[in-house]
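**Student:** Quick one: sequence and predicted model below, then my questions.
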Amino acid sequence: MRSSETHEGIFSVLEKIVRAHPAVYIIFRKLIKFTNIFEKDFDGLKILNINKEKINIIDVGASDGIASKFFNNNLIVGKIYCYEPNEYFLKILKRMNQRNVIIKPYAIGNRNIQKKIYFPRYNFLNKDYDIISYAHYDKKLMDHFLLDFKFRSNLSIASSVLTIKKIGLFKKKINLIKIDTNGFELSIIKGLIKTIKKDKPVLLVEMNKDEKRIGSILKRFNYEGFFYSIGQKKFTKKKKSNALNKYFLQKEHIKKELII
């Protein structure tokens, strides 16, 4: 859960309450991994044609493993390759102890570089709590993200440097790629383009300012962009107000009757 409403009804109300205060958000984020509550537009994965045999997944921006937990609970999964450079989240991922999760302790992109990221830091009783799930590569956008919180007096913007690597092809076929990196999605798509071209996986990508550029690149490989309608439980090309992620699909990924 981050800077866009991803649920409907009572979950939408709960989300607004959680985002009101940084302390509430931090506590809720720690607790949510013990529940099955997650971004509802991920439910679209359950009805795609990929969920018939063991699939291999690349999870870029694996965070505290909440997406990997969703995959293992709702899909027929082989291997999950989790890319996560943050030390705090890495410790949580390792404690999950899921045999099919392969942890990669670095960020990926289309070239080997080091890049600065920015994130909110909340001070409570003289102790700092970093809200890494809000991390972004563009410092200017952090002011916008901080508006999610109604109580901002003890919030500041901190930074760190990430090592980003370019990776090669995978030995196993990749059936699903999930990318949630708060603004670095385009570079990751470019870095994974050989795998995308070879395996034609489902892509579930967090939306940002590069949405059109990403769509243009993937169109060359016969991908179409869709949003998942939580209420209708179908896919649509019309952007949903509560959508945080966008699906990029091949024709064989989806039945025609699931498109509205």
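**Tutor:** Looks like it arrived, so ask away.

**Student:** alpha carbons only for contacts and neighbour counts from here, please
**Tutor:** Fine.

**Student:** So what's the model's average confidence on the one helix or strand Lys246 maps to?
**Tutor:** Assigned by DSSP states H and E, Lys246 belongs to strand 245-249. Taken as a whole, strand 245-249 has a mean pLDDT of 97.

**Student:** mind saving the C-alpha coords of it as CSV?
**Tutor:** Extracted in CSV, the C-alpha atoms of strand 245-249 (Å, rounded to 0.1, in the frame of the first residue of the first chain):
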residue,chain,number,x,y,z
ASN,A,245,-0.9,-1.1,-11.4
LYS,A,246,-1.2,-1.8,-15.1
TYR,A,247,-1.3,-5.2,-16.8
PHE,A,248,0.5,-5.8,-20.1
LEU,A,249,-0.8,-8.9,-21.7
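
**Student:** Pull out the buried residues from stretch 142-149.
**Tutor:** By 16 or more other C-alpha atoms under 10 Å, the buried positions in stretch 142-149 come out as 142, 145-146, 148-149.

**Student:** what about that stretch, average pLDDT?
**Tutor:** The pLDDT scores in stretch 142-149 average 74.

**Student:** Send over it as CSV, restricted to the C-alpha atoms.
**Tutor:** What follows is stretch 142-149, C-alpha atoms only, in CSV (Å, rounded to 0.1, in the frame of the first residue of the first chain):
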residue,chain,number,x,y,z
MET,A,142,8.6,13.2,-2.4
ASP,A,143,6.8,16.4,-1.4
HIS,A,144,3.8,15.1,-3.3
PHE,A,145,3.9,11.7,-1.6
LEU,A,146,4.2,13.3,1.8
LEU,A,147,0.8,14.8,1.3
ASP,A,148,-0.7,11.3,1.8
PHE,A,149,0.0,11.8,5.5
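
**Student:** any idea how far that stretch is from the chain center?
**Tutor:** With C-alpha atoms, centre = their mean, to the nearest Å as the basis, stretch 142-149 stands 19 Å off its chain's centre.

**Student:** Perfect, that will be all.
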